[in-house]
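> next input, structure requested:
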Amino acid sequence: MENEYYYNETITRFYDTVYENPPQLIAGMKYYLDEINNTNGAVLEAGVGTGRIFLPALATGADMYGFDYSEKMLARLKEKLPAKEHHRVWNADMRRFDSGMSYSLVISPFRVFQHMLTIDDQLNALNSIYNVLEPGGMLIFDVFYPDLKRITHPLENVLEFDGEYLPGHKLQRFFSVKYDNLIQQMDLNFKFIWEEGGQEKTDTFSTKLRYYFRYELENLIGRTNFKLEKIYGDFKRSELNSKSSEFIVMCRK
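Predicted coordinates for the structure are as follows:
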């Protein structure tokens, strides 16, 4: 089976620290929370992670559910979630799942869909989501708008985060990326350096992501029973243009 990505203990441990404040993630979070608040009915998050969107949505009264492929990420989420609500989250593969429920809205935020490396992966994920949506229900997911200059220049050991994971405990994260433009795939490698027990520790994590172009996405949706309703160019719901940073894809059942 393709794309068996694995979140190790290090990336899971520091995930919330690294992704707490980036402006693009904050904008994405606001966008998805607005869509959830405007939804009547159950909402499913495909790729719920540690609950960055799930938890505030649930706290405001949304009927939220979520699954993730990573047991380690789910364990982090459940640490924050009251035991009586643990039934709302579970381990599943978005390419082949059936929750036994139907939903008014399914979201897959923060580039989860870019873990779908092959066309079969992509179609299987879309069809699995389609099957759990109510008639007229909506799927929303985001992937980045590929910068042609960036995807032709590999990067090596770029400092991405420099801060603390606990008071007085330093954490740095570096990233490297290589591109294979023939298969539209990027190979990401993260290096963590942190202070613990008076010592400097280090670990790495690698993953692969697929990137997409506009008409490729339109054609992909066209191969399913979804109706493509809109593709926005950012989380402010701007029309697509040469300065777009995201593809925000909205599909209707």
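> so residue 218 sits in a helix?
Yes. With DSSP: H, G, I helix; E, B strand; the rest coil as the criterion, residue 218 is part of a helix.
> can you get me a residue count around the closest residue to it other than its chain neighbours?
The shortest distance from residue 218 to any residue other than its chain neighbours is 6.1 Å, reached at residue 228 (Cβ to Cβ, 6 or more residues apart in numbering). All C-beta spots, glycine's among them, are computed from the backbone N, C-alpha and C. By other Cβ atoms under 10 Å, 16 other residues sit near residue 228.
> break this structure down into its domains, please.
What automatic domain parsing lists as the domains of the chain is 9-146+213-252, 150-209.
> same question for the last one, mean pLDDT?
By that I understand domain 150-209. Domain 150-209 shows an average pLDDT of 96 in the prediction.
> now do stretch 69-86
96.
> helix, strand or coil: sort out the residue nearest to residue 218 for me.
strand.
> can you say which of the domains of the chain is packed in most?
Ranked by mean neighbour count under mean count of other Cβ atoms under 10 Å, the domains of the chain are led by domain 9-146+213-252, which reaches a mean of 17.
> show me what contacts residue 251?
Residue 251 is in contact with 126, 138-140, 221, 224, 226-229, counting by Cβ atoms under 8 Å, 6 or more residues apart in numbering.
> what is the residue nearest to residue 218 paired to in the beta sheet?
The residues paired with residue 228 through beta bridges, assigned by DSSP bridges, are residue 251.
> show me what contacts it?
218, 221-222, 249-251.
> a markdown table for the residues you listed, including distance to residue 199 and pLDDT?
A markdown table is the format used below for the contacts of residue 228 (distance: Cβ to Cβ, whole Å; pLDDT from 0 to 100):
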| residue | distance to residue 199 | pLDDT |
| --- | --- | --- |
| 218 | 52 | 98 |
| 221 | 50 | 98 |
| 222 | 54 | 98 |
| 249 | 45 | 98 |
| 250 | 48 | 98 |
| 251 | 49 | 98 |
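> show me where this protein has strands.
Applying DSSP state E to the chain gives strands spanning 43-46, 64-68, 89-91, 103-108, 133-144, 155-166, 169-180, 185-196, 199-210, 227-232, 246-252.
> let's have the contacts of residue 251 in CSV, adding distance to residue 82.
Conversion of the contacts of residue 251 to CSV gives the following (distance: Cβ to Cβ, whole Å):
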residue, distance to residue 82
126, 33
138, 28
139, 28
140, 27
221, 37
224, 36
226, 35
227, 38
228, 38
229, 35
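> what is the nearest of those residues to residue 242?
For residue 242, the nearest member of the contacts of residue 251 is residue 228. The distance, counting by Cβ to Cβ, is 21.0 Å.
> measure the residue in the chain sticking out farthest from the centre to residue 168 for me?
Among residues of the chain, the one most distant from the C-alpha centroid is residue 198; the distance is 34.1 Å, by Cα atoms, centre = their mean. The spacing between residue 198 and residue 168, counted by Cβ to Cβ, to the nearest Å, is 11 Å.
> and residue 31, by the same measure?
35 Å.
> can you check residue 223 too?
In this structure, residue 223 lies at 53 Å from residue 168, with Cβ to Cβ as the measure.
> same question, residue 76
Residue 76 sits 22 Å away from residue 168, taking Cβ to Cβ as the criterion.
> one more: residue 177?
Distance of residue 177 to residue 168, computed by Cβ to Cβ: 31 Å.
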